[in-house]
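Chemist: model this:
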Amino acid sequence: MDIKSIFLLESEYVKSLYPFSILHCSWEVRFGPFKYFELIRKLAPSARIIFQARPQHLKSFLARHEHEEQDFRKENILVLNTTILADETFFNEIEQKYNDFLATSPISKSALFVHSDVPLAAFISGEDIINPGEFDTFFLPKLLSDYSRLMPKIEVSRPKVLNFLWETLDIVGEQITASSKFFENTADFDKLKSQGVNFVNSDKVIIGKNTEIAPGVVLDASEGEIIIGENVKIMANAVIFGPCFIGENSTVKVGAKIYGNTAIGEWCKVGGEIENSIIHAYSNKQHEGFLGHSYISEWVNLGADTNTSDLKNTYGDITVRIENEQFNTGRMFLGLMCGDHTKSAINTSFTTGTIAGICGIIVADGFLPNYIPSFAWRGTKGCNLYKVEKAIETARIVMQRRGKELLQEEIDLIRTEYAKVSQSRKT
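Modeler: Purely as a prediction, here's the structure:
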C-alpha cells in the first residue's frame, strides 16, 4: 500500500474533546510522547498530510505549525477519521489486509476499512482520482460517511478510539512504550550512577542530549519505559516511575514524585505529585500538590498546592459536564480536564471529574463545581467573567516569556469562545 498522502478528517463529534477542542484541532491531542499528527508523521514519513477541520481551527493550526502543501493530487490517498487511534498496530493491520485484498480483488485498488460495518479509513488509488480539485470538494470529506457504500470493504480488528479527551489516559503508557524506538539514547549510565543517580531497570531508560540529572534522582523503569527528551533538567531527589515521558526543555523540580502512565510535553515545569496524567507543552505545575488522572492543555499554570480529586468517596462512576450536557464516564478515576491559558491560584482544590474551559482565573473562594466555563474569574457559582481583552493581553505576555507569539488566528478563536460564553450568561 503505497501511501503518498494522508487526509486527516476531524470528527463531527470533536466537541467531546472539550476543553482541548476549544482552541485545537482533534489531531493535536497528545496521548504519549507525540500528538496525533506527529505520530502519523513518524509512522508514514514519506507521505504528505492534508488536514480538514472546522475552518477557524484549521486556519489556526496551519498558522502555528509547519505543514505540507494542502492540495490534492492524482496520487494514492489514505483517508483517516481522527477518532480512530492510527498507531503502528493499526497501520500494520491495514497494510496486511490490503495486500490480501489485492490478491483476491484485481478489479479495484481502492477500498474501505471497516469494523462491524463501521467505516474507519479508506485507501483511494491514484488511478481512481479523475479531477483532484473536484475530488477534494465533493467526495473525500464525505467518503467515510455518505459515500462509503460505493467501495469494497475490508474488515479489520476493532481499533482503539478517542471519543473523549479522558480516554487518552488509558493509552498513554502503551504509547510511551511503542514510541520509545523513535528516541535516541545518549546517556552514559556509568557516569550518571557515579554521580549519584539511581536506576531501576536502566535498559528501559532513554535520555536525550544535554539533559541534566542531579544526584539523588531515582529513575524506576521496572514497569515501563522512561523517555527523557533533550535539554531536560531533573533536579535533586526527584523520583520518576515508568512508563513516563518528559519532553524536551522541560524541568522536573526538587523532590518531584511522578508516577507511571504520565506524559509531560515540551517546555513544562513540574513538581509535587503527578499520576497518570498528560500535560501539554508550555504548561506548569511547579509546586507541591497532587495532579491525578488529568489532562492539562497548553499554557496552563497550576498554582502552589493546587490539588485534584480523582476518586469519589463513594467509589462510584464519575459524571462530567461538557457545557450543557452530562456524560457518565464509566470511570472510577478522573481528575481535571483543563483548557488552554487557565490558571489556578494557590491552595486551589478541584473536585473529582472537573472540566475547566480556557482563559480562566480559578480561585477557590468556595467549593468549586465540576464544570467551570471559559473566562471564569474565581470559578465558583455566579463568578465574574474575565474580560477578553485582559485575557488576550495576559496570554500574549505569558507566551512572549517563552519566545512565542500569540497569533491573530489564536486571538480569533479566543474571541469566538468569549462571545459564546457571554451569550450563554445572558440566556
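Chemist: now for the helix or strand harbouring residue 419, which elements pack on it?
Modeler: Per DSSP states H and E, residue 419 falls inside helix 408-426. Applying 3 or more Cβ pairs under 8 Å, 6 or more residues apart in numbering; DSSP states H and E, one finds that helix 408-426 contacts helix 55-64, strand 384-385, helix 388-400. Backbone N, C-alpha and C define where each C-beta goes, glycine included.
Chemist: so it versus helix 55-64, what angle?
Modeler: Per axes from the mean of the first three to the mean of the last three Cα atoms, to 10 degrees, the angle that helix 408-426 makes with helix 55-64 is 150 degrees.
Chemist: Same question for helix 408-426: list its buried residues.
Modeler: For helix 408-426, burial by neighbour count (16 or more other Cβ atoms under 10 Å) applies to 409-411, 413-414, 417-418, 421.
Chemist: before we move on, what about stretch 107-117?
Modeler: 109-114.
Chemist: Format those residues as CSV; extra columns: distance to residue 352, pLDDT and secondary structure.
Modeler: Converted to CSV, the buried residues of stretch 107-117 look like this (distance: Cβ to Cβ, whole Å; pLDDT from 0 to 100; DSSP: H, G, I helix; E, B strand; the rest coil):
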residue, distance to residue 352, pLDDT, secondary structure
109, 51, 87, coil
110, 47, 90, coil
111, 45, 91, strand
112, 41, 93, strand
113, 38, 94, strand
114, 37, 93, strand
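Chemist: quick check, nearest of those to residue 260?
Modeler: The nearest member of the buried residues of stretch 107-117 to residue 260, counting by Cβ to Cβ, is residue 113 at 32.5 Å.
Chemist: Please name the nearest non-neighbouring residue to the closest one.
Modeler: Nearest residue to residue 113, sequence neighbours excluded (Cβ to Cβ, 6 or more residues apart in numbering): residue 121, at 4.5 Å.
Chemist: How is that neighbour assigned, secondary-structure-wise?
Modeler: strand (DSSP: H, G, I helix; E, B strand; the rest coil).
Chemist: Next one: it, what pLDDT does it get?
Modeler: Reported pLDDT at residue 121 in the predicted model: 94.
Chemist: re the thing from before, now tell me what touches the helix holding residue 419 from outside.
Modeler: Residues outside helix 408-426 that contact it (Cβ atoms under 8 Å, 6 or more residues apart in numbering): 22-23, 56-57, 59-60, 63-64, 341, 357-359, 373-375, 385, 388, 391-392, 395.
Chemist: try 10 Å this time
Modeler: For helix 408-426, the external contacting residues (Cβ atoms under 10 Å, 6 or more residues apart in numbering) are 19, 22-24, 54, 56-64, 323-324, 339-341, 357-359, 373-376, 385-389, 391-392, 395-396, 399, 406-407.
Chemist: could you give the mean pLDDT of that helix?
Modeler: For helix 408-426, the per-residue pLDDT averages 91.
Chemist: same check, this time on stretch 288-296
Modeler: So the average pLDDT for stretch 288-296 ends up being 97.
Chemist: Quick one: end-to-end length of that stretch, please.
Modeler: 17 Å (Cα to Cα, to the nearest Å).
Chemist: quick one: buried residues of stretch 143-163?
Modeler: Applying 16+ other Cβ under 10 Å to stretch 143-163 flags 143-144, 147-148, 151, 154, 156, 159-160, 162 as buried.
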